[in-house]
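Engineer: predicted model follows, preceded by the sequence.
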Number of protein chains: 2
Amino acid sequence: MTSELTIALDAMGGDAGPSIVIPGAELAAIRHPTYRFLLFGDRAILAPLLERHPKLKARAEIRHTDVAVSMTEKPSQALRRGRGKSSMWQAIDAVRTGEAQAAVSAGNTGALMAMSRFVLKTLPGISRPAIAAIWPTLRGESIVLDVGATIGADASQLVEFAIMGEAMARCLFGLTRPTVGLLNIGVEEVKGLEQVKDAARLLREMSLPMEYVGFVEGDDIGKGTVDVVVTEGFTGNIALKAAEGTAKQVATYLKLVLNRTWMSKLGAVLASGAFTALRDRMDPRKHNGGVFAGLNGVVVKSHGGTDELGFATAIDVAIEMVRNGLVKKIAEDVAEMNAIIEPVAQVAE
Amino acid sequence: MTSELTIALDAMGGDAGPSIVIPGAELAAIRHPTYRFLLFGDRAILAPLLERHPKLKARAEIRHTDVAVSMTEKPSQALRRGRGKSSMWQAIDAVRTGEAQAAVSAGNTGALMAMSRFVLKTLPGISRPAIAAIWPTLRGESIVLDVGATIGADASQLVEFAIMGEAMARCLFGLTRPTVGLLNIGVEEVKGLEQVKDAARLLREMSLPMEYVGFVEGDDIGKGTVDVVVTEGFTGNIALKAAEGTAKQVATYLKLVLNRTWMSKLGAVLASGAFTALRDRMDPRKHNGGVFAGLNGVVVKSHGGTDELGFATAIDVAIEMVRNGLVKKIAEDVAEMNAIIEPVAQVAE
């Protein structure tokens, strides 16, 4: 199966593990009939499940593993216990060996990132990877990174995130010159974290081949003011979850108010097509999949609590990255940017 | 007018200034018929406006000022230029002298905070004030602080925020034992910023008379998991704006999908009562007013771009604080907590 494109799946990852991964992979197998799948996990559990998913079975292979990383393990502990032999590790390792072109896991985020860094290594010129989210906006979709790979980032790391996010936006959205903004608490130059202000100065002064437009605020993300929103992992993660929480909150309010009177109930029935469209648009399962950017290979993190539809979306994202040659594109961009950045940095010193 | 409760208004503050402040104050005057208002600003602009708002005029007094702080001034510049003589400064100073019990401004946040600290000073035991937002949740309302007074906070400052937020929740929501959570990127003990983890340890170990429940994540805010969410200003501000942006985004989607077919349009007409209720519930003008907590006096910041309804809400918040004696309550709590904290800190050293 080497000549075909292959996705490696950590079949044990996620809150529900194989019972979500296998049906999710079957959906992906139907959507992407030229791809093959490697399923890493406990054969005794996976084999009978696979029997019930013939379309996947026809293009998948089980690779038995004894160990599964738990959702609550510390990354260091997961690395010790799961090194070499866990389903997560082996899925990532299949990308390193070239047997697969991407790995997808719904498992423990910290462990997945630690193992990915360990196995795949970061790209030359990248000091550490980021998790990039594809965020639905009023204008379509934007890329927000980092949403939780690491806490804190200095100015040069924020610049790296900008470079990686910009490459992703060109890959995923087919844009020739995506716009990039730095997340801050005011658009005026006077406000904000020192490292964010320094990153802004770097992005302006280095005349990189990038459409850097300046600071954006929290509400600009949903507006789609820019194609790429750059921030460090702590803030990015909290912004992402605050937005998810708000979307759920509004949906709950909507249900509540529509159930109050018979007339609004009737209205809701007549407008049910619209509500289906709304639900569809807001469906977190259709925006599932955090891309680990900055590694020598494609790794996509699915939400741990998603269902098969959500897991299939994460596989879609991975396939999109493979199809568009994301890793190569980021590597080229980083090299090009570094050729500009390094002389500038030397002068600055 | 000394025997009556009085609210001082920076009549020049906000994107639209007096044309919003005066009608907003009239709404507040109707809602709170026992309160009086001091209007600080340019008499030539305010006097004719006040003529058109007789209910406010009957209980308001104009105090002429020559200088208005602009929305884009740096705090340091505003302090220099507006010290003593700006409408913002004088509104705050009226609280210091006791002529007013609270000040409300829709002006430049940074300048308002800088002047408030300068004029009113922080409460004993509080190293710096926070801006507390009243956040609508699925369970009612929660207090989130800091949402942008300052960037970054160490563990002991986060503990102070917890103490102030808890006092506010008792005042505003009438709870005897509000729950308190620290905003983090994972509920497990292993994750998060060092200062957040240290604050968690302090809150657990000091056995303060406070219902500290642990870490909460971004989506817990909208759920109303806890009554008080504690975080530093950068993340808090971005979370708040990301949530506001998402609420607008969903509202826009909803309009879009309801306008697609005649049947959904008809449904929307029938369910219009429900949509009015939803709009009402999500109306940012009904959740306007950031409370400056930790000062020797009540200062409330209105959103700069709000309308008269929003400005009236900010006045409501200020009056609620005055009525419940927030400043005294926070001061007592801080003193009580310090009596516990200081011996602990000495032992720790």
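Structural biologist: Sure thing, it's come through.
Engineer: tell me if I'm right that A:Leu254 and B:Leu278 touch.
Structural biologist: Yes - if you go by Cβ atoms under 8 Å, A:Leu254 and B:Leu278 touch, sitting 5.9 Å apart. Where you see a C-beta, it was placed from the backbone N, CA and C, and this is true even at glycine.
Engineer: and the residue most central in space within chain A, backbone torsions?
Structural biologist: Residue closest to the average C-alpha location in chain A (Cα atoms, centre = their mean): A:Gly290, at 1.3 Å. As for A:Gly290, its main-chain torsions (degrees, to the nearest 10) stand at phi -90, psi 130.
Engineer: just to check, it is in contact with A:Ile131?
Structural biologist: Yes - using Cβ under 8 Å, A:Gly290 makes contact with A:Ile131 at a distance of 4.4 Å.
Engineer: what's around the residue nearest to A:Arg177 when sequence neighbours are not counted, how many residues?
Structural biologist: Of all residues not flanking A:Arg177 in the chain, A:Glu211 sits nearest, at 4.9 Å (Cβ to Cβ, 6 or more residues apart in numbering or on different chains). By other Cβ atoms under 10 Å in any protein chain shown, 17 other residues sit near A:Glu211.
Engineer: contact partners for A:Glu211?
Structural biologist: A:Glu211 makes contacts with A:Arg177, A:Pro178, A:Thr179, A:Val180, as judged by Cβ atoms under 8 Å, 6 or more residues apart in numbering or on different chains.
Engineer: how about a cut-off of 10 Å?
Structural biologist: By Cβ atoms under 10 Å, 6 or more residues apart in numbering or on different chains, the contact set of A:Glu211 is A:Glu166, A:Ala169, A:Leu175, A:Thr176, A:Arg177, A:Pro178, A:Thr179, A:Val180, A:Gly181, A:Val226, A:Asp227, A:Val228.
Engineer: between which two of the residues you listed is the distance greatest?
Structural biologist: For these, the farthest-apart pair by Cβ to Cβ is A:Thr176 and A:Gly181; their separation is 17.8 Å.
Engineer: who's more crowded, these two?
Structural biologist: Neighbour count, other Cβ under 10 Å: between A:Thr176 and A:Gly181, A:Gly181 has more, with 26 against 6.
Engineer: that one belongs to a strand?
Structural biologist: Yes - secondary structure of A:Gly181 (DSSP: H, G, I helix; E, B strand; the rest coil): part of a strand.
Engineer: below-threshold pLDDT in the stretch 201-349 of chain A: ranges please.
Structural biologist: Scanning the stretch 201-349 of chain A for pLDDT under 70 picks out the ranges A:341-349.
Engineer: how far away is the spatially closest residue to A:Ala47 that is not a sequence neighbour from A:Gly41?
Structural biologist: Distances taken as Cβ to Cβ, 6+ apart put A:Ile62 closest to A:Ala47, at 6.3 Å, once the chain neighbours are dropped. Distance of A:Ile62 to A:Gly41, given as Cβ to Cβ, to the nearest Å: 7 Å.
Engineer: what touches both of A:Leu254 and B:Leu278?
Structural biologist: By Cβ under 10 Å, 6+ apart, the residues touching both A:Leu254 and B:Leu278 are B:Val250, B:Leu254, B:Ala271.
Engineer: and these, which is closest to chain A?
Structural biologist: Nearest to chain A among those, counting by Cβ to the nearest Cβ, is B:Ala271 at 2.9 Å.
Engineer: identify the residues contacting the nearest residue to that closest one once chain neighbours are set aside.
Structural biologist: Leaving out its chain neighbours, the residue that sits closest to B:Ala271 by Cβ to Cβ, 6+ apart is A:Gly267, at 2.9 Å. A:Gly267 is in contact with A:258, A:261, B:258, B:264, B:266-275, counting by Cβ under 10 Å, 6+ apart.
Engineer: what are the boundaries of the strands in the stretch 51-200 of chain A?
Structural biologist: Taking DSSP state E, counting those that start in this stretch to define them, one finds strands in the stretch 51-200 of chain A at A:60-64, A:102-105, A:130-137, A:140-145, A:179-183.
Engineer: what distance separates the start and the end of stretch A:38-56?
Structural biologist: End-to-end distance for stretch A:38-56: 10 Å, by Cα to Cα, to the nearest Å.
Engineer: my bad, stretch A:288-300
Structural biologist: The stretch stretch A:288-300 measures 10 Å between its terminal residues, going by Cα to Cα.
Engineer: what's downstream of the host helix or strand of A:Ile7, the next helix or strand?
Structural biologist: If you go by DSSP states H and E, A:Ile7 is part of strand A:6-10. The first helix or strand that comes after strand A:6-10 along the chain, using DSSP H and E, is helix A:18-31.
Engineer: make sure A:Gly305 is indeed in a helix.
Structural biologist: No - under the criterion used here (three-state DSSP), A:Gly305 is coil, not part of a helix.
Engineer: tell me how many other residues crowd it.
Structural biologist: 13.
Engineer: give me the nearest residue to it, chain neighbours excluded.
Structural biologist: Excluding the flanking residues, the one nearest A:Gly305 by Cβ to Cβ, 6+ apart is A:Asp15, at 4.9 Å.
Engineer: quickly note the distance from the one you found to chain B.
Structural biologist: With distances taken as Cβ to the nearest Cβ, to the nearest Å, A:Asp15 is found 14 Å from chain B.
Engineer: could I get the pLDDT score of that residue?
Structural biologist: For A:Asp15, the model assigns a pLDDT of 94.
Engineer: was I right about it contacting A:Val21?
Structural biologist: No - contact criterion Cβ atoms under 10 Å: A:Asp15 and A:Val21 do not qualify, at 11.1 Å.
Engineer: identify the contacts common to these two.
Structural biologist: Between them, A:Asp15 and A:Val21 share these contacting residues under Cβ under 10 Å, 6+ apart: A:Ala106, A:Gly107.
Engineer: which one's more surrounded, these two?
Structural biologist: A:Val21 (33 against 12).
Engineer: that one: what's it in contact with?
Structural biologist: A:9-14, A:37, A:39-41, A:46, A:49, A:87, A:104-107, A:302, A:308, A:311-312, A:314-315.
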